[in-house]
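**Q** predicted model, plus sequence, below.
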Amino acid sequence: MKKYSYWLLVGAFVIVAVSCGNEVRTTIDKKAESKNQIKQKADGSISLKLESADCYHDMVNPSSNTAEWNVIVSKSGRFDVWLSSATKDTTDLKYKNSVMLRILDNRLEALPECDKIFQNSSDVKYPFFRADSFMGSLYIQDTGSYNIQLISEKIIPDSKNEDMANLIENSKLISVSLTPVSR
């Protein structure tokens, strides 16, 4: 009888230990998930900075450089998409390839141009200016969690490497903004 009670007690302890471990792990996963998620602002806009993205860089073929965000959309609708770049040349951003943005089945592709120039933006430091480029508009039908992916050679990692300095000599992508279109 003692052996039976002993094994019953050990079994109960193992079950409690395993279930508590799963509960803690779930809490940690939820905290990490919420930390990496971008939430839509109260005015309906979505601001995606490259510094908060998961980025993938290919220095051999930078045209496949990718930034990804996990975004919680609470208000669906039509959005204008704007790219912000840090640039020294306000007449030409020097993008060799078009920039592609993907949200589920929606895909926008455009070659950025200088549509708006901001001289004293807090987003960039001298000698750079901030140049905003209109990319197009897209419709997000449902609310929920979305992965947003941006592909461009101007997604450049922050580094003191000489090759990186040469790449950002002219321009670098810094953010994407989705602003709701009102009728």
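**A** Received it, and whenever you're ready, just let me know what you need. Numbering: from 1, shown residues only.
**Q** where does the residue positioned nearest the centre of the chain fall, secondary structure wise?
**A** The centre of the chain sits closest to Trp69, judged by C-alpha atoms, centre = their mean, with a distance of 3.1 Å. Under the criterion of DSSP states H and E, Trp69 resides in strand 66-73.
**Q** now this protein, which segments are flagged as low pLDDT?
**A** The model of the chain has pLDDT under 70 over residues 1-36, 158-169, 183.
**Q** which residues are contacting stretch 77-86?
**A** 44, 46, 93, 99, 101, 108, 112, 123-124, 128-140, 154, 168, 171-181 (C-beta atoms under 8 Å, 6 or more residues apart in numbering). Where C-beta positions appear, they are placed from N, C-alpha and C, glycine not excepted.
**Q** tell me the contacts of the nearest residue to Asp123 once chain neighbours are set aside?
**A** Once flanking residues are discounted, Asp123 sits nearest to Arg130: 5.2 Å by C-beta to C-beta, 6 or more residues apart in numbering. Contacts for Arg130 (C-beta under 8 Å, 6+ apart) come out as Ser84, Ser85, Ala86, Thr87, Ile117, Phe118, Ser121, Asp123, Val124, Ile174.
**Q** domain-wise, how is this protein divided?
**A** Domain assignment for the chain by automatic domain parsing gives 1-38, 40-180.
**Q** what's the most buried one of those domains?
**A** Counting by mean count of other C-beta atoms under 10 Å, domain 40-180 has the highest mean neighbour count of the domains of the chain, with a mean of 16.
**Q** ok, back up a step: surely the residue nearest to the centre of the chain is in contact with Leu50?
**A** No. Between Trp69 and Leu50 there is no contact under C-beta atoms under 8 Å: 9.4 Å.
**Q** pull the distance from stretch 108-115 to the chain's centre.
**A** 18 Å (C-alpha atoms, centre = their mean, to the nearest Å).
**Q** tell me if I'm right that Ile140 and Ile72 touch.
**A** No. Counting by C-beta under 8 Å, Ile72 is not a contact partner of Ile140; they are 11.6 Å apart.
**Q** shared neighbours of these two, which are they?
**A** Common contacts of Ile140 and Ile72 (C-beta under 8 Å, 6+ apart): Tyr146.
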